[in-house]
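# I would like the atomic coordinates for the input below:
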Amino acid sequence: MRPCPFCGEGPLWRARFRPTGERIAICQECDAVWPAFPEAGRVTNYTCYAGGRGFAPLWDGLELLSVIPPDEKEDP
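Predicted coordinates for the structure are as follows:
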């Protein structure tokens, strides 16, 4: 498991945002979101990410695809 570079705690998941189909990376602990992981400069949180697209920030709006391994180098 790759720890979150933002909080250092939770695992990072590769996920699909169901309302739009966009693929993201999200921390299970702090809800940090990377629309283009691993670009740390583009980090936001799930509330802002979902709200900015006109949707409520509910976890059922995500399809968790896989935990990102520690050596993952490419976008989700």
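
# Report the contact partners of the residue most central in space within the chain.
With distances taken as Cα atoms, centre = their mean, Ile26 lies nearest the centre of the chain, 1.9 Å away. Contacts for Ile26 (Cβ atoms under 8 Å, 6 or more residues apart in numbering) come out as 12-13, 15, 32-34, 46, 62. Using the backbone N, CA and C atoms, a C-beta is placed for each residue, glycine as well.

# which SS class is it?
Using DSSP: H, G, I helix; E, B strand; the rest coil, the three-state assignment for Ile26 comes out as strand.

# Start the count at 55 instead of 1 going forward.
I'll keep to 55 as the first residue from here, and by that count the last item is Ile80.

# what is it paired to in the beta sheet?
Beta-bridge pairing of Ile80 under DSSP bridges involves Trp67, Val87.

# ok, it to Phe60 distance?
11 Å (Cβ to Cβ, to the nearest Å).

# what is in contact with the two at once?
Both Ile80 and Phe60 are in contact with Ala86, where contact means Cβ under 8 Å, 6+ apart.

# Quick check: the most far-flung residue of the chain relative to its centre vs Gly64, distance?
Largest separation from the mean C-alpha position in the chain: Gly108, at 17.2 Å (Cα atoms, centre = their mean). Using Cβ to Cβ, one gets 26 Å for the distance from Gly108 to Gly64.

# same check, this time on Pro124
14 Å.

# ok, the two, which is more surrounded?
Gly64 (18 against 9; other Cβ atoms under 10 Å).
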